[in-house]
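Engineer: 3D model of this:
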Amino acid sequence: MNLLLEEPEVAPSSAQESCSLDNYLAMPDHAMDGRIAAAREKLGASTILLGHHYQRDEVIRFADFTGDSYKLSKAAAETDARYIVFCGVHFMAESADVLGKPNQQVILPDLNAGCSMADMAEISQVENCWDSLLAAGLKPGEVVPLTYMNSTAAIKAFCGERGGLVCTSSNARGAFEWAFERAEKILFLPDQHLGRNTAFAMGFTPADLVVWDPFQINGGLTPARLRAAKVILWKGHCSVHQRFLPSHVDAVRAKYPGINVIVHPECRWEVCQKADALGSTERLIKLVEDAPEGSSFAIGTEIHLVNRLAKRFAPLGKKVITLDDTGCLCTTMYRISPNHLAWALENLVDGRVVNRIQVQDDVKHWARVALDRMLEVKA
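Structural biologist: Prediction:
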């Protein structure tokens, strides 16, 4: 972990008791609404709230900015706010700290709000993988490491220091093209599905791809197989998007003839092949926005966003449902509740910064390099 948690200031015992998180969690969510609003008014322009698309409605409605992780981090860095309260997950808060101004401090209301995908690529595992690639006969200039935005700051820094960059789901193909202009091979972290979907869309075949399993010796691959591969995919995935199956597409088409199936490229290749369109969260939203009245969509992505779109577009005569009606909840994103948000804000009102996310300077430098290189990528 490359996080430093700022120690709270010592306050009188009565203040400590009133700001104890346990006291907040013992209360119902709706009891926090007035307190959140009051704290926001007291903090004024010194504090901004960022809400990721997958955040629960009870929290995201307080956000100053909504969007995906990179968009939110950029928006925060362009403000003069001293405090950035990120209602998202760990890697998002890290990115906000990397891109933010020196005087800005990033707060994650619940430190347990992680990302299962980001957690599937731990920095020591990636360093061991890199050493194994070199031992297999690959030269440093022969392979470029790329990482998806959904990764820790340490992984972003790893890529930046070795000539690679960060990509989003909307510019992954551009990142691949950028990398292949510079090297013969790509190591793509940590989402195998986004990497596979991108590679296949570019014309690569299954023979060109291998999957590195960090829990097997040498990733479960022979040196000859590594040398023959063009794209080395890390064995990671999004726990939400991997739940969607080809059978879900078949079932929804049978039940709703003519429905448009649109999915996130973090879904399995087999699901993406059956879909009418795929794209980043922002693109999925735009597809619904731009569709004519009477259109219907089954969307393969996180359930909070799907439900929000269904409610938003129902008055416009557009039907939006989830691709899998059992619901696909981002459980780690859900950890941030109105109670956690109220606790973080009221501590700020009292002059205490809790749950600060601070990336170490050396990691921040190379992570920023990797993020800045993304500007070279063709959209």
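Engineer: how much space between residue 68 and residue 184?
Structural biologist: 31 Å (CB to CB, to the nearest Å). No exception for glycine: its C-beta is placed from N, CA and C like everyone else's.
Engineer: what about the stretch 201-350 of the chain, any weak spots by pLDDT?
Structural biologist: Counting by pLDDT under 70, the ranges of the stretch 201-350 of the chain that qualify are 327-328.
Engineer: Tell me which strands the host helix or strand of residue 298 pairs with, and in which orientation.
Structural biologist: Element membership of residue 298, judged by DSSP states H and E, is strand 296-300. Taking DSSP bridges as the criterion, strand 296-300 forms sheet pairs with strand 260-263 (parallel), strand 319-322 (parallel).
Engineer: Would you mind putting those strands into CSV with distance to residue 37 and mean neighbour count alongside?
Structural biologist: Shown next, in CSV, are the strands paired with strand 296-300 (distance: least, CB to CB, whole Å; neighbours: other CB atoms under 10 Å):
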stretch, distance to residue 37, mean neighbour count
strand 260-263, 35, 22
strand 319-322, 29, 20
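Engineer: TSV for those, including distance to residue 355?
Structural biologist: Putting the strands paired with strand 296-300 into TSV (distance: least, CB to CB, whole Å) gives the following:
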stretch	distance to residue 355
strand 260-263	33
strand 319-322	31
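Engineer: Residue 364: which of those is closest?
Structural biologist: For the strands paired with strand 296-300, proximity to residue 364 was assessed by CB to CB; strand 260-263 is nearest, at 33.8 Å.
Engineer: quick one: which of residue 68 and residue 184 has more around it?
Structural biologist: More crowded of residue 68 and residue 184, by other CB atoms under 10 Å: residue 68, with 21 against 15.
Engineer: where does residue 280 fall, phi/psi-wise?
Structural biologist: phi -60, psi 170 (degrees, to the nearest 10).
Engineer: Pull the contacting residues for it.
Structural biologist: 68, 168-170, 264-265 (CB atoms under 8 Å, 6 or more residues apart in numbering).
Engineer: who's in contact with the closest residue to residue 299 other than its chain neighbours?
Structural biologist: Once flanking residues are discounted, residue 299 sits nearest to residue 306: 5.1 Å by CB to CB, 6 or more residues apart in numbering. By CB under 8 Å, 6+ apart, the residues touching residue 306 are 299, 320-322.
Engineer: And the furthest pair within these?
Structural biologist: 320 and 322 (8.4 Å).
Engineer: okay, and the common contacts of those two?
Structural biologist: 299, 306.
Engineer: For residue 209, find the nearest of the strands paired with strand 296-300.
Structural biologist: strand 260-263 (20.0 Å).
Engineer: Can you name the next helix or strand after the closest one?
Structural biologist: helix 269-274.
Engineer: who's in contact with that next one?
Structural biologist: Counting by CB under 8 Å, 6+ apart, 193, 196-197, 200, 244-246, 248-250, 261, 263, 265, 278, 300 sit against helix 269-274.
Engineer: By neighbour count, which of the residues you listed wins?
Structural biologist: Most surrounded of these: other CB under 10 Å gives residue 300, at 31 neighbours.
Engineer: Contacts only, for that residue.
Structural biologist: Residue 300 touches 241, 244, 248, 261-264, 267, 271, 275, 322-324, counting by CB under 8 Å, 6+ apart.
Engineer: how about the nearest residue to it, chain neighbours excluded?
Structural biologist: residue 263 (3.3 Å).
Engineer: Now do that neighbour against residue 236, distance only.
Structural biologist: For residue 263 relative to residue 236 (CB to CB), the value is 18 Å.
Engineer: Equivalent analysis for residue 103, please.
Structural biologist: For residue 103 relative to residue 236 (CB to CB), the value is 34 Å.
Engineer: what's the answer for residue 45, then?
Structural biologist: Distance, residue 45 to residue 236, using CB to CB: 39 Å.
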